[in-house]
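[1] Below: sequence and its predicted model.
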Amino acid sequence: MPLLFIYGDLRTEKNALLINQEATSVDEQVWTSGKLYDDNGKAYLAEDTNALTYGELVEINEEKLTELENEFNWTLSTVDVYASTGEQYKANMYEENKLIGDKLEEVPFGDWKVYCYLKNENLYYFAYGSCMDDNRFKMANVDQYFTSIAGKGVLENYGFRFTRSSEDGGKADIIVSHMEKVEGVVYKVPLEAIDYLYEREGVYRKRYRPTIIKLTLNHGETIEGITFVSVDKDPETKPTERYANEILRGAAEILSPSYVARIRSHINHLLN
C-alpha cells in the first residue's frame, strides 16, 4: 500500500482511518524537511531545508488516498521521510494551501500535535527515566507541579534504551519498537510545569524534543500525554550508577515488578 506522511490535523483524524482499517501506522516518530506554521488553525508546511517537521508515517489504501485528496482539495506530493531508526522512505504528503494575506504563526519544534496539546490547561506527563524519582523536583522547588500522579502508564510499541549520550553517561530514551512496551509514571501537571521540563530535558539545546503519545493507565483508561525523546539516537551508552539508581528508585514505587526487573537487568548488562 502507498505510504502517507501526516503532520497536521490528519494526525488526530488518522485514528478513524485505523479503526476503519483504511490505514496502518508504520512509525509515529518520523520527520521531513520544512517549517511548520499555524495558518488560521490549519497546519501549513513551507519549504525550508534548515527546518524539520515531525509527523507520522502510515500505510493507506489507494482508494482512501484519492478520496482524501478530492474531499479536501489538497495537493499531493512526494517527500523524503526519515525515521529515528535510520530508515528513509519515499512517501506521499498532502499540502495545505496557504490562505493569501493571512499572518502565519510558526509552530514550535515543528510538531503540530504538541502545539495543539499544549493549549490544554491540565496535561498528562509521561516520565520513563529519572523523572520517575521526585528528588530533583524538590531540589528545583517545582515539586508542587508533580504532586498529582495518575498512576502507571503503558506505552505500546516502544522500547526503553539509553540512546542519548552525554558527558556523564547514557541517558534514558524511547525508540519505536513494535512488540515492546515501556512503563512509566504519569503525572497530571499544569501548563506551568512545561517550562521546567523543557529546560531539564534540554529541549532548547536540541537534546530532547517533546512528543505526544497514547498511554494506557492502570484501570484501562486510554489517554494522550506528553513525553520527551532524544533528537539524535546514539549507540547505547552505559548510564552512571547515580542516574541508574534514580530511575530504579522511581520505577519501584509504581511500575510492575516484572518491568522493573527487566530495566534493572538491562542496566546491569550495560554497566558490566
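    That came in fine, so what should we check first? In this text, all values refer to a predicted model and were calculated from it rather than measured experimentally. Numbers count the residues shown, from 1 in each chain.
[2] Now the helix or strand harbouring residue 126 - C-alpha only, PDB.
    Per DSSP states H and E: residue 126 is located in strand 122-127. The C-alpha trace of strand 122-127 is given here as PDB (Å, rounded to 0.1, in the frame of the first residue of the first chain):
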ATOM      1  CA  ASN A 122      -4.000  20.400  32.500                       C
ATOM      2  CA  LEU A 123      -1.700  17.900  30.900                       C
ATOM      3  CA  TYR A 124      -0.500  14.400  31.400                       C
ATOM      4  CA  TYR A 125       3.300  14.000  31.500                       C
ATOM      5  CA  PHE A 126       4.800  10.500  30.900                       C
ATOM      6  CA  ALA A 127       8.100  10.000  32.800                       C
END
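[3] So what's the model's average confidence on it?
    For strand 122-127, the mean per-residue pLDDT is 96.
[4] quick one, helices of this protein?
    10-19, 62-72, 112-117, 135-139, 193-200, 241-254, 257-271 (DSSP state H).
[5] Tell me which of these sits nearest to residue 157.
    Nearest of those to residue 157, taken as C-beta to C-beta: helix 10-19 at 12.8 Å. From N, CA and C alone the C-beta is placed, and that goes for glycine too.
[6] so how far is the strand holding residue 126 off the chain centroid?
    12 Å (C-alpha atoms, centre = their mean, to the nearest Å).
[7] which residues sit against that strand?
    Here strand 122-127 makes contact (C-beta atoms under 8 Å, 6 or more residues apart in numbering) with 117, 131, 146, 150, 153, 155, 184-191, 193-194, 197, 213, 215, 223-227, 250.
[8] Please pick the buried ones from those.
    Among the contacts of strand 122-127, those buried by neighbour count (16 or more other C-beta atoms under 10 Å) are 117, 131, 146, 150, 153, 155, 184-189, 193-194, 197, 213, 215, 225-227, 250.
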